[in-house]
Every structure is written in C-alpha cells, then in structure tokens.
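Enquirer: Got a predicted model here, sequence first, then my questions.
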Amino acid sequence: MGLRILGWGSALPEKVVTNHDLQKTLDTSDEWIVERSGIRERRIGDSTAALAIEAGRAALSKSNVDPASVDVMVLATTTPDQAVPACSAHVHHELGLGGGAFDLNAACSGFVYALVMANGLLETGANRVLVVGAETLSRITDWDDRNTAVLFGDGGGALMLEREAGEGQLLGWDLGLDASAREILQCDLGGFVQMDGREVFKRAVRVLVDSAKRTLAQAKVRSEDVKLLVPHQANIRIIQAACDRLGIPEENTAIVLHKTGNTSSASIPLALVDAIDAGRLEEGDLVLMTGFGAGMTWGSALLRWQSPPEAQGASA
Ligand code: COA
C-alpha cells in the first residue's frame, strides 16, 4: 500500500509586508534583503488554525472528498495558537473531519515529516489522510531584530492523500536530526526566534544535499532525473548552493520565497502547490522535496507525480 495525492490547497494572509516597509523601522534595506536572501515580501496575519483551515478546505474541495471520511489529519506546525488543545483540534472541528488529528513539530522540516507519517498511516490501514503545514511565524518574530525579522512570514499548505494499492507515489524518504545544533535556532515559550544565521546557513546546505542524496539513492534515482526540486524556502542562496552540489538546474526548482519569506512547515507545500497550479508537473515526473529546520531537523521525500483521478464524486 502507498499514498496517492487527490488534491492540494494553500493559504496566505492578505496583508503584504514588503522589504521597503521593513526598512522604515529597521536598519536594513531592500537591496540587502534581496541580495542575501532572495526575499522581496512576505504575508503576515491570521491565526495558524485559520490558515490550516483555508488550505485544508481547498485540498478537500479539490479532491472532492467528504471531510467526514478522513481518517487522520496531521498538522505540521511550530506555531500552534494555543498550548492545549492541539491546533489540529480546532482545524478538525471547523473542517468537519472524521477520525483523529494531531500536531507535529519538526520545525521547517515538519511538512516532510508529516507526509512520511501519513504514508505510514496509509500503509497500516487508514484510507484517507489530510496533511497540512501551517504557521504564523510573525507571532514569534521580534520585529525590532533585523537578523530575523526580514526572513519570516505566515502561510499554509495542504495535501489530501488516499491509500493506493501498490507502491504509491512516495518512492523514498529520509528524516534526520542533529540535536547537537539545537541551540543555533530556537525560541523560548512566549519568546522570539533567536538564530545564528551563518551557522544555520552552513549546516543547511550540507544537510539538504546529504538528505536529498540519501533519498535518491534509496529510490535508485539519479539527480538528473528529478523534474522538480521543492526545497524549504529559507534563502535563495541556500537553494542555489544545494542545486549546484546536487547537479539540479536552478530552473528545475519550485520557488515562492520572494513573495512569502520563510514560512517553516508551510513553505514546501506552498511551493509545491504553486508549481502544480502553474502546470509544471506532468504524469510520471519525479519531485524531490527537501527541507531543514530548527533542531536541526531535516527531511526529504521523493514523489512520482500522478494526476489525481477526475471528479470522483464525494466518497464516503
Ligand atoms: N540588513 C542589513 N544588514 C544586516 C542585516 C539586515 N537585515 N542582518 C545582518 N546584517 C549585517 C550583519 O550585521 C553583518 O554586518 P558586519 O559585516 O558589519 O558584521 C553583515 O550584514 C553580514 O551578515 P551575515 O550574517 O554574514 O550575512 P549573511 O550573508 O550570512 O546573511 C542571513 C544573513 C541570515 C540572511 C543568512 O545567514 C541566512 O539566511 N542564514 C540561514 C537562516 C535560515 O535559513 N533560517 C531558517 C532556518 S529554517
């Protein structure tokens, strides 16, 4: 048994904050932010639950799946709205989902972790799993700290998955953690994100490349056969360095960071949904997702793209 993607969705708050807006209150400039990160603007606002609900609703509607027939929802987030109950409880209620739901925190690798968890659930008996990544990093960002304020944003993305007989679309994966580096990127409860940017940068390139290579080797796929790389959207220079080392042309990557900033768990699904909606994927294309985040966690997943079955009718 494996997974089949039935539908997808994404959500961004309405409020746009440009680099020019930030330079009014911070000792920074549009030129510096664009050159060092590739980010031009980000979206700020809403709650994590609201973004998860919007993205999840879009994925359910696209796949024409009855929400009550969902067995499990996995919500990847580092910014739940409350400590208790889990953010997923609110989302479960508003979407009218059946089955269970839980939050998963693996920082910016969260969506890949959630996808791999979902695959395991489908292999062991679940029929439908909704996977969501949603964040409101703006709530844990110190808007007076130029080291972090220029990088982060809010958003959400979701995939509706169904069990499929056979191998399914997930061909390989790699999850990991080097907790000796847990202090280079952290946020206390009630506090703001603190980061050693240079150290994160250095390690990020290394773990992205190593994790991507392990995933490709596991699936016996060459990097030149990857049609689309969907990297965590943290910094364009990290992505360029990873592409270079993997031998994947930069034009074969899905990029949204110039308009979203780093949205942690939401960044990979936002970039994937953007690429799908732009018609960049054809039947059988290989899609490699790879991310890294606080912990330091990393995660990669290789998918074979399959168009979802046409309007299946709401299935019970
Ligand atoms: N605007 C203007 N200048 C800034 C600035 C800002 N927002 N932030 C830092 N600077 C300054 C620094 O103080 C430093 O000045 P100095 O040379 O006088 O000391 C200079 O710019 C260079 O700083 P440095 O930290 O070396 O820049 P960088 O090229 O490493 O870029 C980051 C900084 C944060 C963009 C980059 O390190 C990065 O993206 N790291 C990874 C972060 C990340 O991905 N986090 C999320 C992980 S999920």
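Expert: Okay, I see it. Numbering: from 1, shown residues only.
Enquirer: What ranges does the stretch 201-316 of the chain have for its helices?
Expert: Per DSSP state H, counting those that start in this stretch, the stretch 201-316 of the chain carries helices over the ranges 236-246, 257-260, 267-277.
Enquirer: so who does the residue lying closest to Cys108 once chain neighbours are set aside touch?
Expert: Excluding its sequence neighbours, the residue lying closest to Cys108 (CB to CB, 6 or more residues apart in numbering) is Gly293, at 2.9 Å. All C-beta spots, glycine's among them, are computed from the backbone N, C-alpha and C. Gly293 makes contact with 78, 106-110, 185, 232, 264, according to CB atoms under 8 Å, 6 or more residues apart in numbering.
Enquirer: closest to the ligand out of the helices of the stretch 201-316 of the chain?
Expert: With respect to the ligand, and counting by CB to the nearest ligand atom, the nearest of these is helix 236-246 at 6.2 Å.
Enquirer: helices or strands next to that closest one in the packing?
Expert: With contacts taken as 3 or more CB pairs under 8 Å, 6 or more residues apart in numbering; DSSP states H and E, helix 236-246 sits against helix 30-37, helix 197-218, strand 226-231.
Enquirer: Repeat the analysis, applying 10 Å as the threshold.
Expert: Of the remaining helices and strands, those touching helix 236-246 by 3 or more CB pairs under 10 Å, 6 or more residues apart in numbering; DSSP states H and E are helix 30-37, helix 197-218, strand 226-231, helix 257-260, strand 286-293.
Enquirer: Buried deepest among those, which one?
Expert: Stretch with highest mean neighbour count among the helices and strands packed on helix 236-246: strand 286-293 (a mean of 27; mean count of other CB atoms under 10 Å).
Enquirer: Can you list the strands that it pairs with?
Expert: Take DSSP bridges as the rule and strand 286-293 pairs in its sheet with strand 226-231 (parallel), strand 297-304 (antiparallel).
Enquirer: so can I have CSV of those strands showing mean pLDDT?
Expert: Shown next, in CSV, are the strands paired with strand 286-293 (pLDDT from 0 to 100):
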stretch, mean pLDDT
strand 226-231, 98
strand 297-304, 98
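Enquirer: Throw those into JSON lines and include distance to His92, thanks.
Expert: Shown next, in JSON lines, are these (distance: least, CB to CB, whole Å):
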{"stretch": "strand 226-231", "distance to His92": "26"}
{"stretch": "strand 297-304", "distance to His92": "24"}
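Enquirer: coming back round to it: what pLDDT is listed against the residue nearest to Cys108?
Expert: For Gly293, the pLDDT comes out at 98.
Enquirer: Indicate which one of the strands paired with strand 286-293 is closest to the ligand.
Expert: It is, among these and with distance given as CB to the nearest ligand atom, strand 297-304, at 9.1 Å.
Enquirer: Relative to the whole chain's centre, how far out is that closest one?
Expert: Offset of strand 297-304 from its chain centre (CA atoms, centre = their mean, to the nearest Å): 11 Å.
Enquirer: ok now do whichever residue of the stretch 101-250 of the chain sits closest to the ligand, which residues does it touch?
Expert: In the stretch 101-250 of the chain, the residue found nearest to the ligand is Gly197; the distance is 2.9 Å by CB to the nearest ligand atom. Counting by CB atoms under 10 Å, 6 or more residues apart in numbering, Gly197 touches 36-37, 147-148, 151, 184-185, 235.
Enquirer: Intersect those residues with the contacts of the ligand.
Expert: 36-37, 147, 185, 235 (CB under 6 Å from any ligand atom).
Enquirer: Including pLDDT, could these go into TSV?
Expert: Putting the ones next to the ligand among the contacts of Gly197 into TSV (pLDDT from 0 to 100) gives the following:
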residue	pLDDT
Arg36	98
Ser37	98
Asn147	97
Leu185	98
Asn235	98
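Enquirer: Most widely separated two among those residues?
Expert: Maximum pairwise distance among these (CB to CB): 16.9 Å, between Arg36 and Leu185.
Enquirer: Okay, now the unreliable bits of the chain?
Expert: Counting by pLDDT under 70, the chain shows low-confidence ranges at 310-316.
Enquirer: List the contacts of the residue nearest the centre of it.
Expert: What sits nearest the mean C-alpha location of the chain, by CA atoms, centre = their mean, is Ile268, with 3.1 Å. By CB under 10 Å, 6+ apart, the contact set of Ile268 is 76, 108-112, 114-115, 133, 157, 230-233, 254, 256, 289-291, 299, 301.
Enquirer: and if you look at Pro67?
Expert: By CB under 10 Å, 6+ apart, the contact set of Pro67 is 56-57, 60-61, 73, 92, 94-99, 128, 130, 160, 314.
Enquirer: Recalculate using a threshold of 7 Å.
Expert: Pro67 makes contact with 60, 95-97, according to CB atoms under 7 Å, 6 or more residues apart in numbering.
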